[in-house]
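In: Give me coordinates for this.
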Amino acid sequence: MIRAALVGNPNTGKTSLFNVLTGSYEYVGNWAGVTVEKKVGQLKNKLGTLIDLPGIYSTSPLTRDEGVASQFLLTEPCDLLVNIVDASQLERNLYLTLQLLELEIPMVIGLNMTDVAAGRGQLIDERKLAELMQVPVFPIVARTGKGCSELSSKLASTAERTRRPIVLDYGPAIEEALKKMEPLLPAKPGIPKRWLGLQLLEQNPVVQELLKAESEYEPLQQLAQETENAVLLQYHVKSITTYIRHVRSGFIGALIKKSVLKTKRSGITFTDRVDRLVTNKVLGLPIFLAFMYLTFKLTFDWLGTPLSDLLDGFLTGPLTDWLTTALDAINASDLLHALVIDGIVAGVGGVLVFVPQIFILFLVISFIEDSGYMARVTMVMDKVMEAVGLNGKAFIPMIIGFGCNVPGVMAARTIEQPRERLLTTLLLPLMSCSARLPVYSVFVAAFFVGQQALVVLSLYVLGIVVALALAKLFTKTLLRHEESMFIVELPPYRVPQFQALFRNTWEKGKGFVKKAGTMIFGGSVAIWLLGYMGPGGFGVEMNDSFLSYIGRGIAPLLAPIGFGTWEAGSSLLVGFLAKEVVVSAMNIIYAAPDDAAFNGILSQVFTPLQAYSFMAFVLLYVPCLATVGTIKKETMSSKWTWFSIGYSLVIAYIICLIIYQGGKLLGF
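Out: The predicted model follows:
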């Protein structure tokens with residue numbers, strides 16, 4: 001049984017290949033930074049396990065997710081490296097390949113996107129490339145599975161081969177230093193001491209930490225400093241890292257000259273033409289907003305609402321009738337009858353009716369990701385983000401947060417600067433995730449029938465604007481702005497495959513359905529019990545229940561922002577578990593038989609202004625329990641976790657106070 005690891009630059013198709021070779025499914029997107037932690041799967045041919053590592057441009061990591069890959073290479077056993085190389089970006093990708101070739105670990109190269117390279121007029125002689133690099137090279141197209149079975153069949157035999165590392169001549173100063181370092185460096189299986197010495201000279205932080213713990217670090221550090229001084233003096237370069245990169249680039253250039261044939265000069269491509277429009281300084285942002293508006297029109301007006309109405313008709317009609325008949329047939333008690341119909345069906349069913357809308361939203365988000373437009377959005381937003389102390393790369397986790405804040409927070413690992421990473425993590429819960437969508441759906445259907453898409457878009461924009469304003473405030477106070485460089489890879493546009501879109505949409509939406517069967521189910525039962533019990537015992541009126549007493553304690557605080565009722569207070573309190581539970585709670589409290597009746601009740605309790613203030617509060621107030629746990633894990637700080645809860649609650653109150661009181665002054 002072999003243990004193989006997929007290694008390569010971001011967005012080269014590692015996760016696509018992982019899915020093909022293991023038969024499992026992991027999240028795939030046409031943009032850098034999709035994988036932020038290693039994934040492990042069983043090879044379909046039963047030869048062993050395959051590990052999908054986050055994308056790295058070099059073995060010297062710049063971000064936390066890249067550190068996962070570097071740490072793996074240094075500390076975990078591995079029989080084989082599967083290096084995935086983008087054939088259309090060969091020169092850049094081969095830099096990492098060369099660093100891996102300097103190791104002793106057996107390796108095979110998957111030359112991916114050969115179809116894209118051919119479309120650009122680049123024909124690669126994979127046999128010549130394999131001969132020059134002394135490792136097997138397999139041309140593949142991971143998206144379609146072409147060539148992947150041949151690659152898979154050779155993994156075991158390649159892993160059994162011993163391989164000598166490629167040795168480049170880095171010049172007298174470095175070569176002499178590497179010889180002196182060798183007796184001081186620790187022995188690591190598969191890791192030549194020469195490689196460790198080179199990584200130390202390049203100031204690889206993972207290697208530095210390893211050597212501090214396992215070697216005589218001070219003499220090594222002194223040797224490294226002396227070598228850098230000698231190289232700077234001799235070659236007149238900015239740093240020793242620059243010189244080492246220059247040597248490797250020369251070797252890679254020679255490889256490409258011998259193995260790549262350019263059949264024609266690339267002209268203006270389809271990608272270039274589209275980018276002239278969507279990344280335009282003037283038109284880029286309006287195009288993005290228009291795209292989001294169309295998304296919400298599709299989600300609420302054109303397709304999502306009719307489907308939700310059909311599902312609601314089934315849940316409140318045939319399903320409720322069947323359950324009532326079944327309960328009557330077994331002579332169920334009044335308590336059990338009320339629990340199932342008034343608690344579970346009303347609570348969980350009240351959230352499930354929005355599944356069609358959520359799946360449509362995820363379908364559009366998956367299209368954005370797989371088409372290549374995601375990376376362009378970060379370019380469009382870079383100037384805006386830079387003005388508040390961030391850069392365009394921070395907008396990628398925020399877009400992911402539109403689906404769910406948890407993976408969005410995790411995606412912040414791709415940001416190089418620690419302070420920018422922390423700031424993005426703290427602000428990300430302000431992005432309107434799919435869990436808020438049921439709340440929006442309920443209120444826009446009741447109060448904003450003709451402007452549903454526009455109202456929901458305004459809430460998404462409100463979350464972004466508040467996050468950017470706070471970013472500016474925090475970078476001026478708590479987290480001082482540090483200089484950063486924005487570099488983003490723009491992949492070519494491609495037509496998303498139907499299968500990939502379906503799987504991406506299902507995997508995202510499945511989490512919502514799963515939550516409905518677990519956390520929302522449990523929350524609905526708890527809410528129903530609190531509303532069914534009171535100081536007077538079981539079966540009390542809702543107004544005399546424990547739930548009403550809890551809500552009345554909160555209601556006076558909410559009155560200035562427009563919804564000072566115990567029903568609203570109780571619903572918001574349990575929303576900390578999951579934002580969808582807000583809708584479950586309201587369905588149980590108001591005991592409406594269907595969506596139409598529920599909308600009628602809401603229109604009697606809220607005004608449109610109060611409804612908008614309530615939605616804004618749900619958008620901005622404390623992160624859900626799962627997001628809080630992820631923030632704690634990513635920041636490794638209780639202080640920052642509590643800060644994220646506290647500041648969001650304060651900001652939500654202030655913004656809603658402005659919305660409600662300002663709206664009243666304006667006569668709304």
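In: The closest residue to residue 519 other than its chain neighbours: what secondary structure?
Out: What sits nearest to residue 519 in space, not counting adjacent residues and going by Cβ to Cβ, 6 or more residues apart in numbering, is residue 578, at 5.1 Å. C-beta here means a position set from N, CA and C on the backbone, and glycine is covered the same way. Secondary structure assignment for residue 578 (DSSP: H, G, I helix; E, B strand; the rest coil): coil.
In: thinking residue 578 is in contact with residue 625, fair?
Out: Yes: counting by Cβ atoms under 8 Å, residue 578 touches residue 625, with 7.1 Å between them.
In: More neighbours: the two, which one.
Out: residue 578 (23 against 12; other Cβ atoms under 10 Å).
In: residues touching that one, list them.
Out: By Cβ atoms under 8 Å, 6 or more residues apart in numbering, the contact list for residue 578 reads 435, 515, 519-520, 523, 624-626.
In: What values do phi and psi take at it?
Out: Dihedral angles of residue 578 (phi, psi; degrees, to the nearest 10) stand at phi -160, psi 140.
In: What subset of the contacts of residue 578 is buried?
Out: Among those, those classed as buried by 16 or more other Cβ atoms under 10 Å are 435, 515, 519-520, 523, 624, 626.
In: a markdown table please, covering those residues and showing pLDDT and secondary structure.
Out: As requested, those are exported to a markdown table (pLDDT from 0 to 100; DSSP: H, G, I helix; E, B strand; the rest coil):
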| residue | pLDDT | secondary structure |
| --- | --- | --- |
| 435 | 84 | helix |
| 515 | 69 | helix |
| 519 | 71 | helix |
| 520 | 74 | helix |
| 523 | 78 | helix |
| 624 | 87 | coil |
| 626 | 85 | helix |
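In: from those, which is closest to residue 426?
Out: residue 624 (15.2 Å; Cβ to Cβ).
In: so who does residue 546 touch?
Out: When contacts are counted by Cβ under 8 Å, 6+ apart, residue 546 touches 530-531, 533-535.
In: what comes into contact with the host helix or strand of residue 455?
Out: For residue 455, the host element (DSSP states H and E) is helix 452-476. Outside helix 452-476, the residues that touch it by Cβ under 8 Å, 6+ apart are 289, 292-293, 296-297, 299-301, 305, 384-385, 387-390, 398, 402, 423, 426-428, 430-432, 436, 440, 444-445, 448, 481, 612, 615-616, 619-620, 647, 651, 655.
In: Among those, the buried ones, what's the PyMOL command?
Out: Buried subset of the contacts of helix 452-476, written as a PyMOL selection, criterion 16+ other Cβ under 10 Å:
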select buried, resi 292+296+297+299+300+301+305+385+388+389+390+398+402+423+426+427+428+430+431+432+436+440+444+445+448+481+612+615+616+619+620+647+651+655
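In: Filter the contacts of helix 452-476 down to just the ones in strands.
Out: Judged by DSSP state E, strands contain none of these.
In: and residue 475, how many residues sit next to it?
Out: When counting by other Cβ under 10 Å, one arrives at 18 neighbours for residue 475.
In: do the one 3 residues further on as well
Out: Number of residues near residue 478 (other Cβ under 10 Å) recorded here: 14.
In: if I've got this straight, it is in a strand?
Out: No: Residue 478 is assigned coil when assessed by three-state DSSP, not a strand.
In: which one among the buried ones among the contacts of residue 578 gets closest to residue 90?
Out: Distance to residue 90 across those (Cβ to Cβ) is lowest for residue 626, with 41.2 Å.
In: What score does the residue lying closest to residue 55 once chain neighbours are set aside have for pLDDT?
Out: Sequence neighbours aside, residue 10 is the residue nearest to residue 55 in space, at 3.0 Å (criterion: Cβ to Cβ, 6+ apart). pLDDT recorded at residue 10 is 84.
In: thought residue 10 was touching residue 53?
Out: No: using Cβ under 8 Å as the test, residue 10 is too far from residue 53 to be in contact (10.8 Å).
In: When the two are compared, which one has more neighbours?
Out: Neighbours per residue, other Cβ under 10 Å: of residue 10 and residue 53, the larger number sits with residue 53, 25 against 20.
In: tell me the SS of the nearest residue in space to that one that is not next to it in sequence?
Out: Distances taken as Cβ to Cβ, 6+ apart put residue 69 closest to residue 53, at 4.2 Å, once the chain neighbours are dropped. When classified by three-state DSSP, residue 69 comes out as helix.
In: before we move on, the earlier item: assign a three-state SS to the residue nearest to residue 55, would you?
Out: Here residue 10 is recorded as coil under three-state DSSP.
In: I'd like the distance between it and residue 414.
Out: Separation of residue 10 from residue 414 (Cβ to Cβ, to the nearest Å): 8 Å.
In: hang on, residue 84 in a helix?
Out: No: using three-state DSSP, the assignment for residue 84 is strand, not a helix.
In: Give me the neighbour count for the residue nearest to it when sequence neighbours are not counted.
Out: Nearest residue to residue 84 in three dimensions, chain neighbours excluded: residue 8, at 3.6 Å (Cβ to Cβ, 6+ apart). Per other Cβ under 10 Å, the neighbour tally for residue 8 reads 28.
In: How about the contacts made by residue 8?
Out: Residue 8 touches 14, 55-56, 83-86, 93, 96, counting by Cβ under 8 Å, 6+ apart.
In: try 6 Å this time
Out: Counting by Cβ atoms under 6 Å, 6 or more residues apart in numbering, residue 8 makes contact with 14, 83-84.
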